[in-house]
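[1] need a 3D model of the sequence below.
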Amino acid sequence: MCTLAAKFFSKREQVVALLSCVDTSILSVLPAPIVSMSDRAPEQASTSKDQVSHGRTSQERKSPGPSPEGLLPAQHWTQLEEVRDEDADDTDSALGDNASSTASLTSSILEYRTILGRSFHSERGNAQYWGSIDAEQNEAMDINHHVQTLLLDGKLHLAPLDNVERVVDIGTGTGLWAIDFADEHPNATIIGTDVSPIQPSWVPPNVQFQIDDCTQEWTFAENSMDYVHMRWLVGSIQDWTALLKQAYRCLKPGGYIESHETSANILSDDGSVHDQTAMGQWGKIFIEGGRKLGRPFTVVEDAIQEKAMEAAGFVDIRATSLKCPIGAWPKDERLREVGKYMYLALTEDIEGSVVFMANLLGWKKEEVFVYAAHLRRELASNKFHPYYRQSILVARKPESSSR
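    Below you'll find the model as predicted:
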């Protein structure tokens, strides 16, 4: 019933319906927490206090990214004995199909590529987005938007915005952030850009979506934007400084930029996630694939956002670091909810997330499926206490600029 109803709803209503379906069909059966975050690491007890650090030490800013050493071959997963975890739950996701319209787009934009049976954006431009763009991955992105909102206590941004008129969301994906921001700021015009036409057509009147490649020269006029928002571009950008310089040029003096990025590495503070686990290998797959593409997945580890903002000329740079749990293991109620939804976002379409990079590394389709099965089993188990790191950078264009 949830799937049928979603076809007649607006994009935002679809996600509300989708999450309400998830509440009754999945969240209640996730493994109960068996360990407190505070038992493992005091800084994990609260995102709003202990998990958030403003600014970084010079050592943290300059710390090198993780090495791809220790990446296991694809055959490892097909040869690994399947062990049934009595603590795991194999309940499938009950998420329904996502309806979206791509009217008024040229045929070249709709010429998707197919890699190991999954659809990816066309060869248009220089962008190399690694996530698939079919229904399963789009639903995962929608759930992830909910996760990001929960992490920020319901807020859509951290920048101190006031009376914004023109806003651009770079890499808008399914467009949910742009739609929600437009609802909160009805007097502002919000433009969402992406390389793929996966956004809905039924949107607030102050929202418009454009198919564009952010790695090429932006088409927006100089000094025309009040706020530039970008989220989860990791692995898609070759030159972050060039990207941030484009944002700097388009922003009005005094305008803000906000960049949300994630680490590819799945970690734990108790050693439950290690290099021989599927979770421990997740980041290595992406980091090695990104190295081959020339598009780093160590944006958080190498403080690339901050360095690029400084090089572009931004001032008042403020960094916020977050830990996002995966699964229902945290004792803290809010973080437990975050973890449940992040579990859903990841397990909804592991294959669509990893297949691009796995194919780049020479994996076969069946090897991807077997690896995904091992990862799902680990994620559903109470034996692991995984999380990943995120970094949010907010900065301002000076009121007077010579650049």
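[2] strands of the stretch 201-350 of the chain, residue ranges please.
    For the stretch 201-350 of the chain, applying DSSP state E, counting those that start in this stretch gives strands covering 207-211, 225-231, 251-262, 315-325.
[3] so which of the ones you listed is the most packed in?
    Highest mean neighbour count of these: strand 225-231, a mean of 24 (counted as mean count of other C-beta atoms under 10 Å). Every C-beta, even on glycine, is put in place using the N, C-alpha and C of the backbone.
[4] just to revisit the earlier point, just put the strands of the stretch 201-350 of the chain in a markdown table and tack on mean pLDDT and distance to residue 341.
    Listed next are the strands of the stretch 201-350 of the chain as a markdown table, based on pLDDT from 0 to 100; distance: least, C-beta to C-beta, whole Å:
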| stretch | mean pLDDT | distance to residue 341 |
| --- | --- | --- |
| strand 207-211 | 91 | 24 |
| strand 225-231 | 97 | 16 |
| strand 251-262 | 97 | 15 |
| strand 315-325 | 97 | 10 |
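[5] closest one to residue 142 among these?
    Ranking the strands of the stretch 201-350 of the chain by proximity to residue 142 (C-beta to C-beta) places strand 225-231 first, at 13.3 Å.
[6] and the angle from that closest one to strand 251-262?
    Using axes from the mean of the first three to the mean of the last three C-alpha atoms, to 10 degrees, the direction of strand 225-231 lies 10 degrees away from that of strand 251-262.
[7] quick check: chain neighbours aside, which residue is closest to residue 145?
    residue 176 (4.4 Å; C-beta to C-beta, 6 or more residues apart in numbering).
[8] phi, psi for the one you found please.
    In terms of degrees, to the nearest 10, the main-chain angles of residue 176 are phi -60, psi -40.
[9] can you count the residues close to it?
    Residues lying near residue 176 (other C-beta atoms under 10 Å) number 26.
[10] then residue 78?
    Residue 78: 15 neighbours (other C-beta under 10 Å).
[11] contacting residues for it?
    Contacts here follow C-beta atoms under 8 Å, 6 or more residues apart in numbering; on that basis residue 78 touches 366-367, 370.
[12] turn those residues into CSV, columns for distance to residue 140.
    Output for the contacts of residue 78, formatted as CSV (distance: C-beta to C-beta, whole Å):
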residue, distance to residue 140
366, 22
367, 21
370, 20
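[13] can you read off the pLDDT for residue 199?
    On pLDDT, residue 199 comes in at 74.
[14] what helix or strand is it on?
    Residue 199 belongs to no helix or strand when elements are defined using DSSP states H and E.
[15] my read: the residue nearest to residue 145 touches residue 147, true?
    No - judged on C-beta atoms under 8 Å, residue 176 makes no contact with residue 147 at a distance of 11.5 Å.
[16] neighbours around the nearest residue to residue 343 once chain neighbours are set aside, how many?
    Distance criterion C-beta to C-beta, 6+ apart; nearest residue to residue 343, sequence neighbours excluded, is residue 327 at 4.8 Å. Residue 327 has 25 neighbouring residues, counting by other C-beta under 10 Å.
[17] phi, psi for residue 383 please.
    According to degrees, to the nearest 10, residue 383 has phi -80, psi -10.
[18] just the buried residues from the contacts of residue 78, in PyMOL please.
    Entered in PyMOL, the line below selects the buried ones among these, by 16 or more other C-beta atoms under 10 Å:
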select buried, resi 367+370
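[19] circling back: show the model's pLDDT score for the residue nearest to residue 343.
    So, for residue 327, pLDDT stands at 97.
[20] for the protein, which spans come out with low pLDDT?
    Applying pLDDT under 70 to the chain flags residues 1-68, 81-134, 137, 198, 401-403.
[21] helices of that one, start to end?
    For the chain, the helices defined by DSSP state H cover 2-6, 11-25, 37-40, 58-61, 75-79, 135-151, 176-184, 240-250, 278-293, 304-312, 333-347, 350-360, 365-379.
[22] of all those, which lies closest to residue 211?
    Of all these, helix 176-184 sits nearest to residue 211, with 13.9 Å by C-beta to C-beta.
[23] for the closest one, C-alpha coordinates in CSV please.
    Below are the C-alpha coordinates for helix 176-184, written out as CSV (Å, rounded to 0.1, in the frame of the first residue of the first chain):
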residue,chain,number,x,y,z
LEU,A,176,14.9,17.0,-1.1
TRP,A,177,17.2,19.6,0.5
ALA,A,178,16.3,22.2,-2.1
ILE,A,179,12.6,21.5,-1.6
ASP,A,180,12.8,21.7,2.2
PHE,A,181,14.9,24.8,2.1
ALA,A,182,12.4,26.4,-0.3
ASP,A,183,9.5,25.7,2.1
GLU,A,184,11.4,27.3,4.9
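[24] buried residues in that helix?
    Buried residues in helix 176-184, counted by 16+ other C-beta under 10 Å: 176-182.
[25] same check, this time on stretch 284-301
    Across stretch 284-301, burial judged by 16+ other C-beta under 10 Å covers 284-290, 293, 295-301.
[26] and for stretch 147-164?
    Buried residues in stretch 147-164 (16+ other C-beta under 10 Å): 147-152, 156-159, 161, 164.
[27] quick one: residues in contact with that stretch.
    Outside stretch 147-164, the residues within contact range by C-beta under 8 Å, 6+ apart are 47-48, 177, 180-181, 184-185, 188, 226-227, 229, 231, 256-258, 260, 318, 320, 322, 324, 334, 337-338, 341-342, 345, 390, 392, 394.
[28] you'd agree residue 317 is up against residue 397?
    No - using C-beta under 8 Å as the test, residue 317 is too far from residue 397 to be in contact (11.4 Å).
[29] residue 272 touches residue 385, doesn't it?
    Yes - applying C-beta under 8 Å, one finds residue 272 in contact with residue 385, separated by 5.3 Å.
[30] the two - which one has more neighbours?
    Neighbours per residue, other C-beta under 10 Å: of residue 272 and residue 385, the larger number sits with residue 385, 27 against 20.
[31] give the contact list for the more buried one.
    Per C-beta under 8 Å, 6+ apart, neighbours of residue 385: 35, 40, 268-270, 272-273, 325, 327, 329.
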